[in-house]
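Asker: Based on what follows, work out the 3D shape:
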Amino acid sequence: MTAESNEPRRARIGLVVALAAALALLCCGGGSAAFFLDGLNGSTTSQAFGADCGKKGLVVDPNHTFDRIGSLDDAQMRNAATIIAVGQKMNVPPRGWVIAIATALQESVLTNLGYLGARNDHDSLGLFQQRPSQGWGSPEQIMDPQYSSRKFYEHLVAIHDWDKMRLTDAAQAVQRSAYPDAYAKHESLAASIVNKLADGAARAAGSLVNLRCVFPGEISASGWTVPVSAHIVSGFRTPDRPSHFGVDLAVAKGTEVHAASAGVVITAECNAHTSNGGPWSCNIDGSTAIGGCGWYVEILHAGNVITRYCHMVRRPEVTVGQTVTAGQLIGYSGSSGNSSGPHLHFEVHLNGDSSNNGAIDPVPFMQQMGVPLGVTAPSGAPSP
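Answerer: Numbers count the residues shown, from 1 in each chain. Here you go, the predicted structure:
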């Protein structure tokens, strides 16, 4: 099912990995979609919480000429468009398109690969390197991008909670590759491709007949959600707080805090301390005289993105090494550690760097993921 044993494929995959890394840096440097916070009236139109997140009823035409992304050529872009178009016909939500394209990037670099002789990985063929001997269809069927896309989606949607899983886990559940973690590195590029071909649909929720921007509490096609629905009361590195490396979200003590995206918990502990470094309990309220995050959680996501959630009221509901889904409950807000009152302090770090050097402004990053911070959910909006 994997194409790793093939030198030409490996070279193309290396090129796409580099492209994905460049796009990840580009999307997180502030070049995000323009979101606006008016019109919060409970509307379910695609403009309820922002712009540029897909269009209801949009149909992607693979025969259309698309602007290229990086080194992807016209044939690769058409194959990506075919994957999306088949997903639309099957009423698969945009999250499925992202997973499918990321899978095809890993397996074939969006190239409809035929039999390559001794270099072939078993009898794997086509965009998804499906094997006739494993019941995926005849070689002629698998070499049809529409057929192979449909077969991928049929297997994907049969997986329980596939849309909440880590992309690499959902893809692996379909592909059963010898390299189960390989798909994760293509998530950012796959989302960029969906945004390019489907007018920002990777920032959306819903299906072809109900495509719209996400409400707080929903999961975008990029696989992200807001940790809490709340207004921002303190921003990232403001003039009066230049060492504030996240945003503060105003929520009452005991509010559920949710994982912003699927990933693996890498920290779940108390680090409160006095000004001279002495111990301080995280089970009582802190103050501005206390140091540290209090009870806090860090999660490592695809693309080496880390999110941090500080000042929880009690020990987190997750443990180090635990895999969490997007929107999963990870703890309850509070005021432990360096805190002047109940709230959630939320940070985003790039390149797997959990230090202050890796911190970026969470607001444009989360906008790019389709889940703007600082917006409260309208009446009747779903919970994670």
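Asker: which residues in the stretch 101-250 of the chain form strands?
Answerer: With DSSP state E, counting those that start in this stretch as the definition, the stretch 101-250 of the chain shows strands at residue ranges 204-205, 212-213, 232-234, 247-249.
Asker: Can you pull out the low-pLDDT segments for this protein?
Answerer: When residues are selected by pLDDT under 70, those of the chain lie in 1-51, 116-122, 207-209, 377-384.
Asker: what about the residue of it positioned farthest from its centre, distance to Cys270?
Answerer: Relative to the centre of the chain, and counting by CA atoms, centre = their mean, the farthest-placed residue is Asn276 at 39.4 Å. Using CB to CB, to the nearest Å, Asn276 is found at 18 Å from Cys270. Bear in mind the C-beta positions are built from the backbone N, C-alpha and C, glycine included.
Asker: and for stretch 73-83, what are the contacting residues?
Answerer: Where contact means CB atoms under 8 Å, 6 or more residues apart in numbering, the residues beyond stretch 73-83 that reach it are 60-66, 68-69, 72, 97, 100-101, 104, 109-112, 127, 145-146, 149, 193, 197.
Asker: that older thread, got a list of what the residue farthest from the centre of the chain touches?
Answerer: With contact set as CB under 8 Å, 6+ apart, Asn276 has no partners.
Asker: The contacts of stretch 73-83, buried ones only, as a ChimeraX selection?
Answerer: Applying 16 or more other CB atoms under 10 Å to the contacts of stretch 73-83 leaves a buried subset, and the ChimeraX line that selects it is:
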select :60,62,66,69,72,97,100,101,104,109,110,111,112,127,145,149,193,197
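Asker: can you list the strands of the stretch 101-250 of the chain in TSV and add distance to Asn91 and mean neighbour count?
Answerer: Rendered in TSV, the data for these read as follows (distance: least, CB to CB, whole Å; neighbours: other CB atoms under 10 Å):
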stretch	distance to Asn91	mean neighbour count
strand 204-205	14	28
strand 212-213	15	24
strand 232-234	36	15
strand 247-249	34	24
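Asker: I'd like those strands as CSV, with distance to Leu344 appended.
Answerer: Converted to CSV, the strands of the stretch 101-250 of the chain look like this (distance: least, CB to CB, whole Å):
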stretch, distance to Leu344
strand 204-205, 22
strand 212-213, 22
strand 232-234, 10
strand 247-249, 5
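Asker: Domain-wise, how is this protein divided?
Answerer: Annotated domains of the chain cover 7-32+59-198, 232-368 [automatic domain parsing].
Asker: and of those domains, who's closest to Pro216?
Answerer: Distances from Pro216 to each of those were compared by CB to CB, and the smallest falls on domain 232-368, at 10.3 Å.
Asker: gap between that closest one and the chain center?
Answerer: Averaging C-alpha positions (CA atoms, centre = their mean, to the nearest Å) puts domain 232-368 19 Å from its chain's average.
Asker: Same question for stretch 170-178: list its buried residues.
Answerer: In terms of neighbour count (16+ other CB under 10 Å), stretch 170-178 has its buried residues at Ala170, Ala171, Gln172, Ala173, Val174, Gln175, Ser177.
Asker: List the contacts of the residue lying closest to the first one once chain neighbours are set aside.
Answerer: What sits nearest to Ala170 in space, not counting adjacent residues and going by CB to CB, 6 or more residues apart in numbering, is Trp162, at 4.7 Å. With CB under 8 Å, 6+ apart as the criterion, the residues that contact Trp162 are Gly96, Ile99, Leu156, Ala170, Ala173.
Asker: Pretty sure the last one sits against Ile159.
Answerer: Yes. The pair Ala173 / Ile159 is scored as a contact, 5.0 Å apart, by CB atoms under 8 Å.
Asker: any common contacting residues for those two?
Answerer: When contacts are counted by CB under 8 Å, 6+ apart, Ala173 and Ile159 have Met165 as shared neighbours.
Asker: Ramachandran coordinates for Cys293?
Answerer: Main-chain dihedrals, Cys293, degrees, to the nearest 10: phi -90, psi -10.
Asker: hang on, Ser333 in a helix?
Answerer: No. Judged by DSSP: H, G, I helix; E, B strand; the rest coil, Ser333 forms no part of a helix; its state is strand.
Asker: Quick check: of the contacts of Trp162, which lies closest to Gln134?
Answerer: For these, the closest approach to Gln134 (CB to CB) belongs to Ala173, at 14.7 Å.
Asker: Please report the distance of the closest one from Thr103.
Answerer: If you measure Ala173 against Thr103 using CB to CB, the figure is 11 Å.
Asker: now do Val86
Answerer: Val86 sits 13 Å away from Thr103, going by CB to CB.
Asker: Which one of those two is surrounded by more residues?
Answerer: Summary of the neighbour comparison: Val86 and Thr103, criterion other CB atoms under 10 Å, with Thr103 having more neighbours (29 against 23).
Asker: what's the distance between the nearest residue to the more buried one once chain neighbours are set aside and His343?
Answerer: On the basis of CB to CB, 6+ apart, the spatially nearest residue to Thr103 that is not a chain neighbour turns out to be Ala171, at 4.5 Å. Remark: distance between Ala171 and His343 (CB to CB) = 36 Å.
Asker: Quick one: the strands in the stretch 251-384 of the chain, in order.
Answerer: Ranges of strands within the stretch 251-384 of the chain are 256-258, 263-270, 295-301, 305-312, 323-324, 329-332, 344-349, 359-360, based on DSSP E, counting those that start in this stretch.
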